[in-house]
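K.L.:
Got a predicted structure here, sequence first:
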Amino acid sequence: MKKRLLFAVSLAAGLFTLMAQQPAPTADPYANNPAAGKQQFPLAAPAGKNSDAINTPLPGGVNTGKVEPGNWKYGPQATPPPNAKIWNPAKLKLMAGEKVTGGTFFSGSDPATYCAFANAGYDFIWMEMQHDQKDWNQVAKMWRTCPYAKAVPGVRVAYTDEREIQRAADAGAMVIVVPTVDTVEEAIEARNWAYFPPLGRRSNGGGQAFDGAMYGGVPGGYRATYNDNLVLIVMIETLEGVKNAAEIAKVPGITALFAASGDLGNFSGYAQGSPDYERLINVVHDAAIGAGKKLCGPFNWRDRPDFTCFQNGSETAAISRGVQAELGNLANTQGKVEVGPWVQAPPAPRR
């Protein structure tokens, strides 16, 4: 019995030592530097001399000849492990061809409200950063309050921009929606800032997404598996975007095209249901299925052919609908007083 106890204690101590030697994933890429002042640099350029490294490879290197980005053979440092599984539920569901829903978190900033909304049944949350005044600190706080809610953290950024998209990704977004993409060049730029190399140009600068409390401990590692788990949706909203939709859809890394129901009416001057409007939607449809990409739209298009991802209403609309559904015939049956601030105003006269 004593031998078993001693073995168990010894095993636990060994495991504890091993865990202590492996620092937990952290949001700060500069948090651990135990080798400072101890490292040797046998392959470093000689002091005071031009090594001509731009033209001359080092012994044992994979890349030969001059350093050229277009010809560079990417190394295995951040390659996903063999047979790595998808850990983003929204990406997994989209890949299976199932219908994915996103709730729009529009004007709120309270983490408790966000967490309730994110656990209400959606597949991802469309955090609205194009048309609302929230800042990224508020968004990051909401996401880290309930990082594993049923709905995956997602966001519509304001525009195609390195700082905008990388802030979203570093804070934990796993669904990124980019509005008003008009050209292939804009689509490539959106892809570049959303993905790590070799597919994109996202910087490995840290952020709470890397922390063990968010995705730092995912199987295979966050950096190595992120590209395979991200959902990138670009919105086609203008006539220029429609014209270029087929080429935009072919950009590697784009998961889906979003046919912007409201703004395609705004930019075309035609209402949903009219032949000219419907023609534009069908062009986006053809572009997506032609490139093998998914097709997104508003929730009321959930029965439209080939559409499989949808933007739902806001958190305030959901609260209103939920209360009405819960109360049934008792909804909006308030007492009618004759005095005071709750006196119901008479209906406005018709003109």
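P.N.:
Yep, that arrived.
K.L.:
what separates residue 311 from residue 78, distance-wise?
P.N.:
Using Cβ to Cβ, to the nearest Å, residue 311 is found at 32 Å from residue 78. (Glycine included, C-beta is placed from N, CA and C.)
K.L.:
out of the two, which sits in the busier spot?
P.N.:
Using other Cβ atoms under 10 Å, the more surrounded residue of residue 311 and residue 78 is residue 311, with 23 against 16.
K.L.:
My guess is the more buried one contacts residue 302. True?
P.N.:
No - Residue 311 lies out of contact with residue 302 (Cβ atoms under 8 Å); the separation is 10.7 Å.
K.L.:
those strands in the stretch 201-350 of the chain, which residues are they?
P.N.:
Ranges of strands within the stretch 201-350 of the chain are 231-236, 256-259, 294-298, 309-314, based on DSSP state E, counting those that start in this stretch.
K.L.:
mind listing what the third one pairs with, with the direction of each?
P.N.:
Sheet partners assigned to strand 294-298 using DSSP bridges are listed as strand 256-259 (parallel), strand 309-314 (parallel).
K.L.:
from those strands, which stretch is densest packed?
P.N.:
The highest mean neighbour count among these, using mean count of other Cβ atoms under 10 Å, belongs to strand 256-259: a mean of 26.
K.L.:
who touches it?
P.N.:
94, 177, 231-236, 245, 248-249, 280-281, 284-285, 287-288, 293-297, 307, 309, 311 (Cβ atoms under 8 Å, 6 or more residues apart in numbering).
K.L.:
Rounded mean pLDDT for that strand, please.
P.N.:
Taken as a whole, strand 256-259 has an average pLDDT of 97.
K.L.:
now stretch 38-50
P.N.:
When pLDDT is averaged over stretch 38-50, the result is 89.
K.L.:
chain center to it, what's the gap?
P.N.:
Averaging C-alpha positions (Cα atoms, centre = their mean, to the nearest Å) puts stretch 38-50 41 Å from its chain's average.
K.L.:
now swap in stretch 47-60 and tell me
P.N.:
Remark: stretch 47-60 is offset 40 Å from the chain centroid, using Cα atoms, centre = their mean.
K.L.:
distance between the ends of it?
P.N.:
22 Å (Cα to Cα, to the nearest Å).
K.L.:
And stretch 189-203, by the same measure?
P.N.:
Rule used - Cα to Cα; the end-to-end distance of stretch 189-203 is 14 Å.
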